[in-house]
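*Asks:* Just the structure for this:
(chains A, B and C)
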Amino acid sequence: MKRMIPTAAGTAAVVLALTACSSGSGGDEPAAAAEGPVTLTLAGWSLSTTPEFQTLADAYHEENPDVTVELAEYDATEYDTQMIADLAAGSAPDIYVQKNLKNFWTYQDGGQLMDVSDVTEGLDPATGGVDFYEVDGSSYAVPYRQDSWVLYYNKDLFEQAGVAEPDGSWTWDDYATAAEDLTSGLEEAGSDALGTYQHSWQSVVQGFALAQTEGADLTSGDFGYLEPFYDQAVALQDAGAQADFGTVTTNQLTYQAQFGTQQAAMMPMGSWYVATLLAQQESGEADEFEWGMAPIPQADASTTGTDATPVTFGDPTGLGINPALDEEKVAAAKDFLAFAAGEGGAQALAEIGITPALLSDSVVETYFGLDGVPTDELSQFAFATHDTRPENPVDADTAALQNILGDTHSEIMSESSSVADAIEGAESRAAAEVG
Amino acid sequence: MATTAVDDRRSGPPGPLPDAPPGPRRRRPGSRLKRRNTLIGWSFILPNFIGFALLTLIPVVTLFYLSLTEWNVFGGAEWVGLDNFTRLVGDPSYRTALWNTIYYSAVHIPATLVASLCLALLLNRKLRGVAFFRTVAFFPYITSIVAIAVVWNMLFSPEYGPINQFLSFLGVENPPGWTTSADSSMPAVIIVGVWREMGYYMLLLLAGLQTVPPELYEAARVDGAGAWSRFWNVTLPCLRPTMFFVTVILTINSLKVFDLILVMTDGGPGQSTLVLSQFIYAKGFEENQFGYASAVAVTLFFLCITVTIVQFLWNRRRDA
Amino acid sequence: MAAVSPPAAGASATPLRPAQVRARWRRQASRVAGYTALAVAAAGILLPFVWMVISSLKENNQVFTVPLQWIPDPFVWQNYVDIWAKSDMTTWIKNTLVLSVSVTFLQVLTGSFAAYGFSKMRFPGRDALFLLYVATIAVPWQAYMIPQFVMLSNVGLSNTLWSILALQTFSAFGVFLMKQYYESIPESLSEAARIDGMSEYGIWRRIILPLSTPAIASLTLLTFVNTWNDYLGPLIYLRSPDLWTLQLGLQTFVGQYNAEHALIMAGSVISVLPIAVIFLFGQKFFVQGIATAGVKG
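*Replies:* Numbers count the residues shown, from 1 in each chain, chains lettered A, B, ... in the order given. Sure thing, here's the model as predicted:
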């Protein structure tokens, strides 16, 4: 195993030099793939319930009949564990998915990703999340999917509580006020639904704090930027405007049920939830109600309003090439990446309700043409217009720091320590354990 | 035939070893027999040992090597000597995990031992329906761990949970927050651990109880020994080999506890239930520091082996 | 030990004195109390399993609710139909069964064989070797699974059922369990056989094995259950869907963002049932004592 890696990396370098100029703009019929049929393998997870991989494979094969993309199935929750094992043993597929940015460093730093800067250069500049995969000026993966966080709200419950719907101008203070008004309004109207639902993930608080605070830097080891966001989250649960953390974790509440069965009037959540909600409303698992998306509330008024670009967060999902793949497949693999991240892939993904990384006008149109997607202007704005920052900025220490902050999250939200003490504890741990 | 007869004296464990002194003349055939015995002994062990050595021993030895390196799984491992271990000393999370692991084990081991022994004694009778009750006692071990986490977390729920409702019925002023509070999350996890594993060890102890010769009970009864004295003077001594086995396995499994804590609390709130196995997994698979993770595993290994050797020696002293 | 005598056996032969009547009454009352306590304990112990069954009959969004809903409304029997129709349950069960049966058989065979060497033979280095066996139990598998995986992959065993077989069969646990049990079998038995000229292999086969039914029964059940329920091993080693085991299949079946908890619980109930049945019918072997095996020490 230890002998194999340098050879593979060496091969990759040679191949790169050879093919650096062959890959052009995405989706075009490439010159290199023309030599007879090629079969590529692509990693995916939970294939029966996650159609995006098959969709990409089929759409690409339709345009390039010579290239067949076969799927290798992985486990959804243990994807990275399985992939690390496979790469170490040399049995990983040709192309594999970067499920989140947290593990990207592991693969890149371990020499398990081919330099795909040439593919990146050919991409539409509007593609979201491209530069998150850059290390020392080179790119090692391309994003095909870029979910970002928006505010979902239940129009029926807003009406019932007599609270004004979000208009795109909200800061977090407006959101907190609305959550409390909704809770009391709904109680008066005889409903047990709460104002909002914030899931138990650390990103629900920390993702926004990192994205929206000026100068916030995860790797600095200075976590003071989290404080105002946590103060508010704790205040919300103390006010009873949202299910408290203990209830959420001990009862394993699912966000799908909380919003889908109208237990909460609002919910900050990633854009992937649109497809889930539609499917659950169709199957009857979720209630039928009018809902919409609003831009996520902002830290201050400077980025609010529909003439500004709201700041939110979200990790892209990317495709990378295993440097150990056969030399003659490299061109085809790169072409597949260009397709998946380009207009062709984006259209195919939008048709099945996935948020593509490339949100061109026609892609957005396709997306909002789906049955059941709310078509009001604010929803379209929230979906298509945002400045999305990474949840996990790519760095050697990101995973370790996020693990520390994960502990801090449960410590604060369970109210085992005060916000300030917990953050101080995280800072001293970061200093002692990382870097 | 004659050789077999001598052979057998040699292999009989009770009593003083026949190897020891019986005079210079027997030395020669003795050493030949010894060799023969060794060969036969190995022939029993070998089929299992080959598989064990290839599949477990070699990777474990590799692990020891890796603990002295910096390794990110993919590339070559870079030798760093004892760096990983010096880093461990200054790592507050490691200390927390070590302390939590010891805390968990120190309470979980005796509690499980007592609970499973009581169960085994209770269900080693000819009661009507005993088959059903034995099956029930084993059920926690086979119930889906997700279901376990959900139901116990619900039972522990601070405000509405039946456990705290019962406690306040008893007049407890401030019932604990259980899994939602850093102070009481470990006791909560331990309770579930005992509940889950008692049936497992009960099964092993039940098998052990069958080796107690009924004649001994009769004799004790004739001598007028009460139930407690019969338990103390007949059951326990006969059960010692099994008790030794159960204690060792229980100790190791408690020090290695992983999946239960993962689904119950995921180490939280804060780091209040972080244990060593979880720390190893996080360092290795989440932070990609396999050398460092291996070093932690090595310390866990030495912790286990020290406790096991103590148990081993203790057992042997009482054997002698 | 066999404390509870069959009710009223032989008691009606002679008229009872009041003291005897009272003693019988007290016995009856304590028995009723004992059974009640057992029944309550059993209900408590089974609660999570009951929840599992109930959840498997709910709609997905009703599985986790506050407060907990104990009666499904409506009863969704469809979950059981769905999990058969949507998943490849038959293949999973077949693979799991093949693995569990062969692992159990090999583990019991090689384990009890090696245990004889460790407990009934004396030779230099025996105890050290045994300690080595036990010591490896102490290393968490996650810590060395990557080197092991790379090794098995290099010989082409990954992504085959053989890998799981190899992984599970040679555990130190079985050797340890059998060894401890053998040590409690009186030495006089094998001694007598040796004098009769029986070889060590013969003693193992004819004397020791038949005497260790309870230990073999518990090792069989525990190995079977562990192989049946193993998740991490198959997760790392088995990639092709046609090789998946029940646990791996069920877990993978859960969508990433859309966990179908009710279906999973239906699957878990299905996966527990075979073990419950085996246990219920096999448990009498755990308590088959040496005396009942027909040999006296």
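*Asks:* A:Leu42 belongs to a strand?
*Replies:* Yes: assigned with DSSP: H, G, I helix; E, B strand; the rest coil, A:Leu42 falls within a strand.
*Asks:* bridging residues for it?
*Replies:* Beta-bridge pairing for A:Leu42 (DSSP bridges): A:Leu71, A:Ile95.
*Asks:* ok now do it, which residues does it touch?
*Replies:* A:53, A:56-57, A:69-72, A:93-97, A:319, A:336 (C-beta atoms under 8 Å, 6 or more residues apart in numbering or on different chains). For every residue, glycine as well, the C-beta is placed using N, CA and C.
*Asks:* Where neighbours are concerned, which of these has the most?
*Replies:* Using other C-beta atoms under 10 Å in any protein chain shown as the neighbour criterion, A:Phe336 leads those with 30 neighbours.
*Asks:* Give me the secondary structure label for that one.
*Replies:* Applying three-state DSSP: A:Phe336 is helix.
*Asks:* Mind picking the one among the contacts of A:Leu42 that's closest to C:Pro18?
*Replies:* Taking C-beta to C-beta as the measure, C:Pro18 sits nearest to A:Ala72 out of those, at 81.1 Å.
*Asks:* Can you give me the pLDDT of the nearest residue to that closest one once chain neighbours are set aside?
*Replies:* Distances taken as C-beta to C-beta, 6 or more residues apart in numbering or on different chains place A:Pro93 nearest to A:Ala72, at 4.5 Å, with adjacent residues excluded. What the model reports as pLDDT for A:Pro93 is 95.
*Asks:* was I right about A:Pro93 contacting A:Thr39?
*Replies:* No: at 10.9 Å, A:Pro93 does not count as touching A:Thr39 under the criterion of C-beta atoms under 8 Å.
*Asks:* Tell me how far the nearest residue to A:Ala420 once chain neighbours are set aside lies from chain B.
*Replies:* Nearest residue to A:Ala420, sequence neighbours excluded (C-beta to C-beta, 6+ apart): A:Glu227, at 6.8 Å. Counting by C-beta to the nearest C-beta, to the nearest Å, the gap from A:Glu227 to chain B is 17 Å.
*Asks:* Pretty sure A:Glu227 sits against A:Val419.
*Replies:* Yes: using C-beta under 8 Å, A:Glu227 is in contact with A:Val419, at 5.8 Å.
*Asks:* tell me the contacts of C:Leu219?
*Replies:* C:107-108, C:111-112, C:174, C:177-178.
*Asks:* And C:Trp204, by the same measure?
*Replies:* For C:Trp204, the contacting residues are B:44, C:112-113, C:116, C:120, by C-beta under 8 Å, 6+ apart.
*Asks:* can we see that at 7 Å?
*Replies:* Taking C-beta atoms under 7 Å, 6 or more residues apart in numbering or on different chains, we find C:Trp204 in contact with C:113, C:116.
*Asks:* So for the residue lying closest to A:Gly240 once chain neighbours are set aside, what's the pLDDT?
*Replies:* Using C-beta to C-beta, 6+ apart and skipping residues adjacent in sequence, the residue nearest A:Gly240 is A:Thr183, 6.4 Å away. pLDDT for A:Thr183: 95.
*Asks:* How about A:Gln54?
*Replies:* According to the prediction, A:Gln54 has pLDDT 93.
*Asks:* how close does it get to chain C?
*Replies:* Distance, A:Gln54 to chain C, by C-beta to the nearest C-beta: 14 Å.
*Asks:* Give me every residue in the stretch 51-200 of chain B lying close to chain C.
*Replies:* For the stretch 51-200 of chain B, the contact set with chain C under C-beta under 7 Å from any C-beta of the partner chain comprises B:51-52, B:55-57, B:59-60, B:62-63, B:73, B:124-127, B:131, B:133-140, B:142-144, B:147-148, B:150-152, B:154, B:160.
*Asks:* contacting residues around whatever residue of the stretch 51-200 of chain C ends up closest to chain A?
*Replies:* The minimum distance from the stretch 51-200 of chain C to chain A, using C-beta to the nearest C-beta, falls at C:Ser153 (3.6 Å). Applying C-beta under 7 Å, 6+ apart, we find C:Ser153 in contact with A:89, A:91.
*Asks:* repeat for C:Ala143
*Replies:* Contact analysis of C:Ala143 by C-beta under 7 Å, 6+ apart lists B:63, B:280, B:293-294, B:297.
*Asks:* Helices - which of those land there?
*Replies:* Per DSSP state H, helices hold the following members of these: B:63, B:280, B:293-294, B:297.
*Asks:* closest to A:Ala348 among those?
*Replies:* B:Ala293 (40.2 Å).
*Asks:* Relative to B:Asn72, how far out is the closest residue to that closest one other than its chain neighbours?
*Replies:* Nearest non-adjacent residue to B:Ala293, counting by C-beta to C-beta, 6+ apart: B:Gly284, 3.6 Å away. Distance from B:Gly284 to B:Asn72, counting by C-beta to C-beta, to the nearest Å: 10 Å.
*Asks:* out of the two, which sits in the busier spot?
*Replies:* Applying other C-beta under 10 Å to B:Gly284 and B:Asn72 shows that B:Gly284 carries more neighbours, namely 25 against 22.
*Asks:* Kindly report the residues of chain A close to chain C.
*Replies:* Residues of chain A lying near chain C (C-beta under 7 Å from any C-beta): A:1, A:45-46, A:49-50, A:72-73, A:75-76, A:78, A:82, A:85, A:88-89, A:91, A:247, A:251-254, A:256-257, A:260-261, A:272, A:276, A:285-286.
*Asks:* 6 Å instead?
*Replies:* Within chain A, the positions lying close to chain C (C-beta under 6 Å from any C-beta of the partner chain) are A:1, A:46, A:49, A:73, A:75-76, A:78, A:85, A:88-89, A:91, A:251-254, A:257, A:261, A:272, A:276, A:285.
*Asks:* So what's the predicted local confidence for A:Gly122?
*Replies:* 91.
*Asks:* so how far is A:Ala241 from it?
*Replies:* For A:Gly122, the distance to A:Ala241 (C-beta to C-beta) stands at 48 Å.
*Asks:* Point out where chain C drops to low pLDDT.
*Replies:* Chain C contains residues with pLDDT under 70 at C:1-16, C:61, C:64-68, C:253-260, C:288-297.
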